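[1] Need a 3D model of the following:
(one chain, ligands or ions: 1)
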Amino acid sequence: MGRIVGASSDPVIPGLPPREDAYPVTMPRDTPDAPAQEPTPTGESRTALVRRARKMYRELSELYPDAHAELNFTTPLELLVATILSAQCTDKRVNQVTPALFARYPDAEAYASAVREELEEMIRPTGFFRAKTNSLIGLGQALCERHGGEVPGNLADLVKLPGVGRKTANVLLGNAFDVPGITVDTHFGRLVRRFGWTTEEDPVKVEHAVGALFPRKDWTMLSHRVVWHGRRVCHARRPACGACAVARWCPSFGEGPTDPETAEKLLRMRSFA
Ligand code: SF4
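    Below you'll find the model as predicted:
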C-alpha cells in the first residue's frame, strides 16, 4: 500500500515546514458538479472536456493498473506514522526506516512508552527527528488514552491527534479507510493543468475542479495514477512527450521532447517506493 501527502497550510509536525509537494485533500462528499455553462480551460465544451479527461484516465488506468501510495504500510497506524515521518523527507527514505521501526513499535502502546533517545535514533534518517519523535510519542499516548490504542476512522477524531492535521487525516481516510479523495500534490497539480483539466493553482480549487470531472469512486485511484504519471513520464522540467501514452489528448504536448527516442530516455518507469 501506499504513499501520502498533506496540505501545505497544514504542516504535519508543529514548527516543521510542510513538504513542498504535499497538500492532500479529500473532496467533500456533497461537492456538486461544476455548472455546465462554466468555461473550460481549453475552450472545448464541458462535455468534451469530461470525455477527454475520462479517456486520459482510462489510458492511465491501463498504464498504471496497480498505482498506489508509495509509503509502505499495512495498518492505519503504520500509515499514520509513515505520513508523519514523510514530512520534509522522501518516501524512499521513509520506507527504508519503517520496517525496523514497525517491528520495534508494533502498536500505539509501544510508541506511548517509547524511550525517546531510542526512537529518535531510529527515525533520525528522516530528518527533524526530535519534532517527529514528539509527535509519535504524543500520538501513541493519545491513541491509548482516547481510542483504546486504535486509529479512529473519522476526520473529527483524527485531527485532534498530536501531529495530525487535516491533510494527514484525509490521507488516512482515503488510503486506510476507503473514503474516496483527491490528493493534490505538486505532481498532481502540474499534470492536471498540463492536461487542460483546470487552470486553478489553489489545491482545494484544483481538487473541486478535477473532482467534478470524475465519479467519486474514481477519485483515490485517479490521484495515484496521475501522480505516478508525473513521477515517471510527465516530469516538471522535461516531460517525455514523445513517449507519453496520453499525448494525443494532451494540449501541452510539445512542452517536452516529442522525438520518441529522446523522450524514451527521460522515462523513469520504476517504483519510487
Ligand atoms: S504529452 Fe507531454 S505534457 Fe502532456 S501529459 Fe504527456 S508528457 Fe505531459
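[2] The ligand contacts on this structure?
    The chain has residues 194, 233-234, 239-241, 244, 246-247, 250, 252-253, 255-256 near the ligand, with proximity defined as Cβ under 6 Å from any ligand atom. Every residue, glycine included, has its C-beta placed from N, CA and C.
[3] Let's see which of those end up in strands.
    Among the residues of the chain next to the ligand, no member is found in strands (DSSP state E).
[4] Can you flag the buried ones in those?
    Burial by neighbour count, 16 or more other Cβ atoms under 10 Å: within the residues of the chain next to the ligand this picks out 194, 233-234, 239-241, 244, 246-247, 250, 252-253, 256.
[5] follow-up on the earlier one: the residues of the chain next to the ligand in helices, which ones?
    residue 194 (DSSP state H).
[6] of the residues of the chain next to the ligand, closest to residue 168?
    Each of these was checked against residue 168 using Cβ to Cβ; the closest is residue 234, at 26.3 Å.
[7] Correct me if wrong: the closest one contacts residue 245.
    No. Using Cβ atoms under 8 Å, residue 234 is not in contact with residue 245; the gap is 10.3 Å.
[8] about what we covered before: make TSV from the buried ones among the residues of the chain next to the ligand and add pLDDT to it.
    Shown next, in TSV, are those (pLDDT from 0 to 100):
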residue	pLDDT
194	98
233	97
234	97
239	97
240	97
241	98
244	98
246	98
247	98
250	98
252	97
253	98
256	97
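[9] Make TSV out of the residues you listed and add distance to residue 120.
    As requested, these are exported to TSV (distance: Cβ to Cβ, whole Å):
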residue	distance to residue 120
194	41
233	38
234	38
239	40
240	41
241	45
244	44
246	44
247	48
250	46
252	45
253	48
256	42
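[10] Pick the one among the residues you listed closest to residue 225.
    Out of those, the member with the shortest distance to residue 225 (by Cβ to Cβ) is residue 246, at 10.5 Å.
[11] which residues does that closest one contact?
    56, 59, 60, 195, 229 (Cβ atoms under 8 Å, 6 or more residues apart in numbering).
[12] Next, it: phi, psi?
    Reported as degrees, to the nearest 10, the phi and psi values for residue 246 are phi -110, psi 10.
[13] Helices of this protein, start to end?
    46-63, 76-85, 91-104, 108-112, 116-123, 129-147, 155-158, 166-176, 186-194, 203-211, 219-232, 260-264.
[14] Report the buried residues of the longest one.
    If you call a residue buried by 16+ other Cβ under 10 Å, then helix 129-147 has these buried ones: 129, 131-144.
[15] Any stretches of this protein with poor pLDDT?
    1-38, 166, 270-273 (pLDDT under 70).
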